[in-house]
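**Student:** need coordinates for the below:
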Amino acid sequence: DSLSLGRVIPILECVYCLAYARWAWKRCLYTTGHESENWELASVEEFQPMPRLCRCILAAYEDDLGNPIWAPPR
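**Tutor:** Purely as a prediction, here's the structure:
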């Protein structure tokens, strides 16, 4: 009796789910606390685009950027 498609697909699905569970374990639980240990401090140049990026995000939610509902503290 040869392997039919009805038998092979559940086996492949099970292998896929196990591989994903292994990846999720390593990515989300095992390396979570150790991922940023070797990061350097950010430079001023890396933060230059932040105000423009915040205005772009705010523009999606605010009708009037000159008078936003959620204005930042001054």
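
**Student:** rest of the way, CA atoms for contacts and neighbours
**Tutor:** Fine.

**Student:** for the chain, which residue is closest to the average position?
**Tutor:** Centroid-nearest residue in the chain: C28, 11.1 Å away (criterion: C-alpha atoms, centre = their mean).

**Student:** distance of that one relative to Y20?
**Tutor:** 12 Å (C-alpha to C-alpha, to the nearest Å).

**Student:** any weak-confidence spans in the protein?
**Tutor:** Along the chain, the parts satisfying pLDDT under 70 run over 1-3, 31-33, 35, 71-72.

**Student:** what's the next secondary structure element after the longest helix along it?
**Tutor:** The residue-count maximum for a helix in the chain (DSSP state H) belongs to helix 5-24. The helix or strand immediately downstream of helix 5-24 is helix 50-61, counting by DSSP states H and E.

**Student:** who's in contact with that next one?
**Tutor:** L65 (C-alpha atoms under 8 Å, 6 or more residues apart in numbering).

**Student:** just how off-centre is it within its chain?
**Tutor:** Remark: helix 50-61 is offset 19 Å from the chain centroid, using C-alpha atoms, centre = their mean, to the nearest Å.

**Student:** okay, it in PDB with CA atoms only?
**Tutor:** What follows is helix 50-61 as a C-alpha-only set of coordinates in PDB (Å, rounded to 0.1, in the frame of the first residue of the first chain):
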ATOM      1  CA  MET A  50      12.300  60.600  15.100                       C
ATOM      2  CA  PRO A  51      10.300  63.900  15.200                       C
ATOM      3  CA  ARG A  52       9.400  63.600  11.500                       C
ATOM      4  CA  LEU A  53       8.400  60.000  12.000                       C
ATOM      5  CA  CYS A  54       6.200  60.900  15.000                       C
ATOM      6  CA  ARG A  55       4.500  63.600  13.000                       C
ATOM      7  CA  CYS A  56       3.800  61.100  10.200                       C
ATOM      8  CA  ILE A  57       2.200  58.700  12.700                       C
ATOM      9  CA  LEU A  58       0.300  61.500  14.400                       C
ATOM     10  CA  ALA A  59      -1.000  62.700  11.000                       C
ATOM     11  CA  ALA A  60      -2.800  59.400  10.500                       C
ATOM     12  CA  TYR A  61      -4.800  60.000  13.700                       C
END
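
**Student:** alright, I will stop here.
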